[in-house]
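Asks: Can you look at this prediction? I've put the sequence above it.
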Amino acid sequence: MTTATAVAHPNIALVKYWGKADASLALPATGSVSMGLDVFPTTTTVTVGAAEDTLTLNGAATTDGALVRVTQFLDLVRDLAGSSDRAAVVSDNTVPTGAGLASSASGFAALATAAAAAYGLDLSPRDLSRLARRGSGSATRSIPGGVAVWHAGDDQGSYAEPVPAPPMAMVVVTIDAGPKPIGSREAMRRTIATSPFYPAWVTSTTETVTDMLTACAAGDFTRIGELTESNALRMHATIEGAFPPIRYLTARSVAVFDAVAGLRADGLQAWATADAGPNVVVLTTPEDRGAVAAALAGYGDVIESGTGPGAHLLRSEDTEAPGPGVVRPEESAE
Ligand code: PMV
């Protein structure tokens, strides 16, 4: 029996992923760029050798769709490892689940890292991010952490890697930690099928990825912020163009966008973004993050984050193997 424990953090996209080019391989229609957080870690332990696949999420045995997704993901890992062994998965997730803060990103990045080790796979960071991609698109970018680009491409070419960027921080304004009205998978499908703005989203986001990488390399924080806020609003406009329409931003979300514009007028670096939910995340600098957090405290629960680490193993052991220095019976028989 082999067990491995890994930790991963969520990431927030500066240039968003919204739409797949190939659903079965989880290939995105465009590239995307994100900042990994240093808050809301997910810690996941995978123990190979169970009677059946099980999932314990935040202390509770889970048998619904979450277990189905985990089992499908473990099937991919088993294929790579040439194993048919079932596994027990225990995951502690500190992200407000389903609140549009991409709990699936840290969740599948931690699961990919722990499962690969528990099944004895020795994957490069690139291959680990390709594997995480199959669990949830945004999880691809939680493997490297930091500021990362996830490339569009074919199965081999669609992975995430770190990019050079100036120091960044974020302020997460949680307006509503409840489940979102419609999950990102279904909402992406509907956007592609019905939003007349979707082709323009793909064209413009492809250009924005290039512009964002240029701004990051140049250390041009203001340009990074402008591109971040504009890309988020373009994503939400594209989603709102679906039929039936999907609207994630609420009046309170929009109020935070207005407040952030006011902070900029006061001379702070503050740029708003939002994922598939009502919560707003403000991109700022390490110098300005305290002032931004204080100014937004009245709008919801406010949490500051620096740039976080990539997914990593906490421990990995073969619980049936003898420890170092122990002589195996077959060796002692020689
Ligand atoms: O892969 P998912 O289902 O977590 O989709 C992520 C979609 C957004 O969070 C809205 C954008 C992004 O790039 O993270």
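Replies: Yep, that arrived. Numbering: from 1, shown residues only.
Asks: Please report the distance of the closest residue to residue 127 other than its chain neighbours from residue 277.
Replies: Counting by Cβ to Cβ, 6 or more residues apart in numbering, residue 159 is the residue found nearest to residue 127 once chain neighbours are left out, at 7.6 Å. (Glycine included, C-beta is placed from N, CA and C.) Distance, residue 159 to residue 277, by Cβ to Cβ, to the nearest Å: 26 Å.
Asks: okay, which residue is most central for the chain?
Replies: residue 105 (2.7 Å; Cα atoms, centre = their mean).
Asks: where do the helices sit along this structure?
Replies: Using DSSP state H, the helices assigned to the chain run over residues 65-81, 103-118, 125-135, 139-142, 184-194, 198-218, 221-240, 251-265, 289-296, 329-332.
Asks: so of the ones you listed, which one's packed in deepest?
Replies: helix 139-142 (a mean of 32; mean count of other Cβ atoms under 10 Å).
Asks: which strands and helices sit next to that helix?
Replies: strand 11-15, strand 32-36, helix 103-118, helix 125-135, strand 147-150 (3 or more Cβ pairs under 8 Å, 6 or more residues apart in numbering; DSSP states H and E).
Asks: redo that, cut-off 6 Å
Replies: Here helix 139-142 touches helix 103-118, helix 125-135, strand 147-150, going by 3 or more Cβ pairs under 6 Å, 6 or more residues apart in numbering; DSSP states H and E.
Asks: Export those as TSV, with columns for mean pLDDT and distance to residue 28.
Replies: Below are those laid out as TSV (pLDDT from 0 to 100; distance: least, Cβ to Cβ, whole Å):
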stretch	mean pLDDT	distance to residue 28
helix 103-118	95	13
helix 125-135	98	8
strand 147-150	98	7
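Asks: looking at these, which is closest to the ligand?
Replies: helix 103-118 (4.4 Å; Cβ to the nearest ligand atom).
Asks: near the ligand at all, the closest one?
Replies: Yes - contact check for helix 103-118 against the ligand, using Cβ under 6 Å from any ligand atom: residues in range are 104-105.
Asks: how much does that helix deviate in direction from strand 11-15?
Replies: 120 degrees (axes from the mean of the first three to the mean of the last three Cα atoms, to 10 degrees).
Asks: Can you pull out the residues in contact with helix 103-118?
Replies: 2, 4-6, 8-11, 42, 44, 46, 48, 77, 93, 95, 97, 123, 128, 131-132, 135-136, 138-139, 142-143, 311, 313, 316 (Cβ atoms under 6 Å, 6 or more residues apart in numbering).
Asks: And residue 241, its phi and psi?
Replies: phi -80, psi 0 (degrees, to the nearest 10).
Asks: Can you list the low-confidence ranges for this protein?
Replies: Within the chain, the stretches with pLDDT under 70 are 96-102, 178-179, 320-334.
Asks: Much appreciated, bye for now.
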